[in-house]
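>>> sequence and predicted structure, then a few things I'm wondering about:
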Amino acid sequence: GAVVSQHPSWVICKSGTSVKIECRSLDFQATTMFWYRQFPKQSLMLMATSNEGSKATYEQGVEKDKFLINHASLTLSTLTVTSAHPEDSSFYICSARGSGTGSYEQYFGPGTRLTVT
Amino acid sequence: GEDVEQSLFLSVREGDSSVINCTYTDSSSTYLYWYKQEPGAGLQLLTYIFSNMDMKQDQRLTVLLNKKDKHLSLRIADTQTGDSAIYFCARVGTGGFKTIFGAGTRLFVKA
């Protein structure tokens, strides 16, 4: 199947700093990328959806100025957590969907664990 | 509504079959998925079924879809300790764009 990578896999940062997480589709062109947040022992919460070259669509309750999403190319999307606080600590997972046949298949990255101290 | 519901926990013995159940409310669902998540990892797509199918089999995995009852199940034959993970049921939402996830079923396999 298609491969999606995330970098870094884990990061610890101080409160007030910003952190950027990269999501890459390695062997296909991702017309749409999704960013999820997962709390311990809970399901995935969709934060935003982005299409290449256009602004991300944020879910209700997700602050777009805090969670900046850029989908500049068909293989790369980034999530920047600005002015991070301890409550932003979570597991962030991206996923990507291509175009054409099988476009309903969504491939997930391995996740990035963010800890804000 | 767009709810997807699953039981939260299932425990089986190694070698037995596991059946994980899922119900959903939106009858317009087109694709339904099963994902596996191991500790500290992302989600791995196990299998999916299109809404005009009743059953799909892939090696040890069998997916059954009862569209009338909006019920989806995943059967894992000859369950192994390596199958211990969280299994998420998901469906493509109205409009065929967003994927709606259940809360996940934690499968525990006893040796």
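Nice, I can see it. Numbers count the residues shown, from 1 in each chain, chains lettered A, B, ... in the order given.
>>> so in the chain, where's the weakest helix or strand by average pLDDT?
Just so you know, I chose chain A. strand A:107-108 (a mean of 88; mean pLDDT, DSSP states H and E).
>>> oops, I was thinking of chain B
Min over SSEs of chain B, mean pLDDT, DSSP H and E: strand B:99-101 (a mean of 86).
>>> anything in that strand near chain A?
Yes: counting by CB under 8 Å from any CB of the partner chain, chain A is contacted by strand B:99-101 at B:99, B:101. Heads up, the C-betas are built off the backbone N, CA and C, glycines and all.
>>> which residues are contacting that strand?
Residues from elsewhere that reach strand B:99-101, judged by CB atoms under 8 Å, 6 or more residues apart in numbering or on different chains: A:34, A:43-44, A:46, A:106, B:2-4, B:24, B:26, B:33, B:35, B:88-93.
>>> ditto for stretch B:38-47
Counting by CB under 8 Å, 6+ apart, A:1, A:4, A:6, A:44, A:93, A:95, A:105-111, A:113, B:33-37, B:56, B:58, B:61, B:63, B:74, B:85, B:87-88 sit against stretch B:38-47.
>>> for residue B:99, which non-adjacent residue is closest in space?
The shortest distance from residue B:99 to any non-neighbouring residue, by CB to CB, 6 or more residues apart in numbering or on different chains, is to residue B:90 (5.1 Å).
>>> then residue A:80?
residue A:68 (4.2 Å).
>>> just checking, that neighbour touches residue A:82?
Yes: taking contacts as CB atoms under 8 Å, residue A:68 lies within contact range of residue A:82: 6.2 Å.
>>> give the contact list for residue A:42.
Taking CB under 8 Å, 6+ apart, one finds B:103-104 in contact with residue A:42.
>>> centre of the chain to stretch A:89-100, how far?
Relative to the centre of its chain, stretch A:89-100 is centred 5 Å away, using CA atoms, centre = their mean, to the nearest Å.
>>> where does the prediction get shaky in chain B?
B:1-2, B:94-96 (pLDDT under 70).
>>> how about the residues of it by chain A?
B:30-31, B:33, B:35, B:40-45, B:48, B:88, B:92, B:96-99, B:101-104.
>>> need the buried ones from the residues you listed selected in ChimeraX.
ChimeraX command restricting those to the buried ones, with burial defined by 16 or more other CB atoms under 10 Å in any protein chain shown:
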select /B:31,33,35,41,42,43,45,48,88,92,98,99,101,102,103,104
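>>> out of the residues of chain B next to chain A, which sit inside strands?
The strands, defined by DSSP state E, take in B:31, B:33, B:35, B:43-45, B:48, B:88, B:92, B:99, B:101 from the residues of chain B next to chain A.
>>> confirm residue B:82 sits in a helix?
Yes: per DSSP: H, G, I helix; E, B strand; the rest coil, residue B:82 lies within a helix segment.
>>> what's the local residue count around it?
9 (other CB atoms under 10 Å in any protein chain shown).
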